[in-house]
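**Student:** For reference, the sequence and a predicted model appear below.
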Amino acid sequence: MLKVPPALLKKYDRLLVNSDVHPKEYGSYKKWLRYYLDFCKKYQHGYADSGSLHLFVDKLKEKRQNDAQRSQAQKAVHLYYKGLTENHPAHKFDMSDKVTQNSVQEGVPAFGNTTQQDPWNTSIEILKNEIEVRHYSKKTLKSYSLWAEKLRYHIKAKAPEMLTAEDVKSFLTFLAVKKKVSASSQNQAFNALLFFFRHVLKKEFGKIDGVVRAKRKPYIPVVLSRDEVYRVIESLTYPYDLIVTLLYGCGLRLSECMKLRVNNFNFDHEILTVHDGKGKKDRTLPLPKKILGDLKAQLEKVIDRHDRDLKDEYSGAFMPGRLEVKYKNAPKELVWQWFFPAKELTFVSQTNEYRRYHLHETHVQKAIKRAVKKSKIIKRTSAHTFRHSFASHLLAANYDIRTIQELLGHSDVRTTMIYTHTIKSRTVKEAKSPLDL
């Protein structure tokens with residue numbers, strides 16, 4: 001087991017004293033810190049690299065540590081990270097401190113340049129840059145980086161340039177056999193590592209045979225009846241009732257709904273335009289006539305809040321990409337304001353200004369969960385269930401499947417065809433000539 005330098009323990013003790021941690025837990029926190037640093041040394045992670053924390057927690061789960069223990073370990077490591085960045089001289093861990101030669105021989109980390117010299121950190125940084133250059137979504141960036149980190153952990157931090165197809169094969173088989181991940185997760189891992197090989201390592205996988213693949217089970221989405229949809233909406237409070245009504249009324253994904261801005265709405269022609277949906281695709285949708293009044297009332301609230309924001313120290317809404325560089329005044333313009341703005345402004349420390357973000361997805365998800373419980377619906381319901389219900393109800397009303405495909409923004413009609421399993425079949429089984437119909 002790694003021996004933590006006394007100077008580091010002394011500074012960590014000061015952090016513990018000034019934290020809300022109960023004194024009885026100090027010993028446990030220092031134990032988790034030692035385990036974490038030992039984990040970093042064993043698998044060659046940077047000692048100041050916060051990206052290794054989720055891998056450390058995964059390792060604790062493998063060791064059958066319970067939820068409370070893993071939570072305490074995370075808090076202990078977060079406190080350590082705080083010491084790396086805290087400005088107070090009594091708290092800050094000086095990462096440039098030299099350790100004695102004897103300490104190095106005992107396995108104590110030399111904290112100085114671990115992160116900069118780690119080739120894996122460099123490779124993952126290149127991966128992030130390659131994803132951003134291609135304008136992939138933040139979710140793709142997060143998931144691809146995570147799979148690269150997991151591969152790094154699986155192969156015991158073998159140098160990236162030494163990776164082979166056999167390493168990938170071993171990792172994918174491990175996911176299917178040991179981890180028993182879903183087929184979609186395994187496919188995502190495959191695509192992430194394929195991207196990593198091609199665009200970071202500049203080489204191909206080659207042929208990968210004999211990989212144990214997770215079986216993809218036939219998926220039939222959960223669909224609510226119209227009565228159940230209305231019961232959930234009636235159990236919601238503002239603004240969540242309007243958000244869920246839009247999810248169902250327009251078949252939106254939750255992320256698409258949250259990212260709506262004032263300029264997405266055309267009330268004259270009763271059209272909603274979704275920009276940069278999944279796959280960076282745009283599409284137009286008819287606005288439900290039933291809620292036009294509610295949508296216009298929401299717009300008035302956005303206008304009123306925007307006027308009040310401009311009177312305060314407000315620097316505008318967060319903007320997509322580099323649009324703000326091209327149009328400097330755009331963040332403060334009404335057309336770029338979020339249709340469902342966050343309740344509080346966000347302080348951006350880098351620029352010393354206040355910005356407004358949209359309402360967070362998790363707030364909507366929690367509100368839906370409470371409403372489903374209150375309305376006593378016995379179906380597994382999430383925000384995406386209302387999109388499934390939108391498609392199924394249109395299909396049940398005999399709308400053309402191609403039309404529904406366009407409204408949902410699916411690239412392939414086969415994706416939309418899944419909804420044929422969510423409604424009652426009206427197929428006539430009796431063989432008959434069309435002349436006799």
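**Tutor:** Nice, I can see it. Numbers count the residues shown, from 1 in each chain.
**Student:** any idea how far residue 309 is from residue 349?
**Tutor:** Using Cβ to Cβ, to the nearest Å, residue 349 is found at 19 Å from residue 309. C-beta coordinates here come from the backbone N, C-alpha and C atoms, glycine included.
**Student:** More neighbours: the two, which one.
**Tutor:** With neighbours defined as other Cβ atoms under 10 Å, residue 349 and residue 309 compare such that residue 309 has more, 20 against 6.
**Student:** What does the pLDDT read for the more buried one?
**Tutor:** With respect to pLDDT, residue 309 scores 90.
**Student:** Not counting its own residues, what contacts the host helix or strand of it?
**Tutor:** Under the assignment given by DSSP states H and E, the secondary-structure element containing residue 309 is helix 292-311. For helix 292-311, the surrounding residues in contact (Cβ atoms under 8 Å, 6 or more residues apart in numbering) are 239, 242, 245, 262, 265, 267, 270, 287, 332, 334, 337-341, 345, 356.
**Student:** okay but residue 84 is in contact with residue 49, surely?
**Tutor:** No - counting by Cβ atoms under 8 Å, residue 84 stays clear of residue 49, with 10.4 Å between them.
**Student:** Would you mind listing where the stretch 1-150 of the chain has pLDDT under the threshold?
**Tutor:** Counting by pLDDT under 70, the stretch 1-150 of the chain shows low-confidence ranges at 1, 85-118.
**Student:** redo that, cut-off 90
**Tutor:** For the stretch 1-150 of the chain, residues meeting the criterion pLDDT under 90 lie at 1-27, 29-30, 32-68, 70-71, 73-125, 128, 132-139, 142, 149-150.
**Student:** where exactly do the strands run in it?
**Tutor:** Read by DSSP state E, counting those that start in this stretch, the stretch 1-150 of the chain holds no strands at all.
**Student:** could you pull out the helices for it?
**Tutor:** With DSSP state H, counting those that start in this stretch as the definition, the stretch 1-150 of the chain shows helices at residue ranges 6-17, 26-42, 53-62, 67-85, 101-105, 114-117, 119-133, 138-154.
**Student:** The first one to helix 26-42, inter-axis angle?
**Tutor:** Meaning helix 6-17. Relative orientation of helix 6-17 with respect to helix 26-42: 130 degrees, computed using axes from the mean of the first three to the mean of the last three Cα atoms, to 10 degrees.
**Student:** Buried ones in helix 6-17, by neighbour count?
**Tutor:** 8, 11-12, 15-16 (16 or more other Cβ atoms under 10 Å).
**Student:** and the most centrally placed residue in the chain, what is it in contact with?
**Tutor:** When the chain is reduced to its mean C-alpha position, the closest residue under Cα atoms, centre = their mean turns out to be residue 139, at 4.9 Å. The neighbours of residue 139, taking Cβ under 8 Å, 6+ apart as the test, come to nothing; the list is empty.
**Student:** what's the spacing between it and residue 383?
**Tutor:** Relative to residue 383, residue 139 is positioned 15 Å away (Cβ to Cβ).
**Student:** need the strands for the stretch 301-437 of the chain, in chain order.
**Tutor:** For the stretch 301-437 of the chain, applying DSSP E, counting those that start in this stretch gives strands covering 346-348, 353-355.
**Student:** Save the ones you listed as CSV, and put in mean neighbour count too.
**Tutor:** Rendered in CSV, the data for the strands of the stretch 301-437 of the chain read as follows (neighbours: other Cβ atoms under 10 Å):
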stretch, mean neighbour count
strand 346-348, 11
strand 353-355, 16
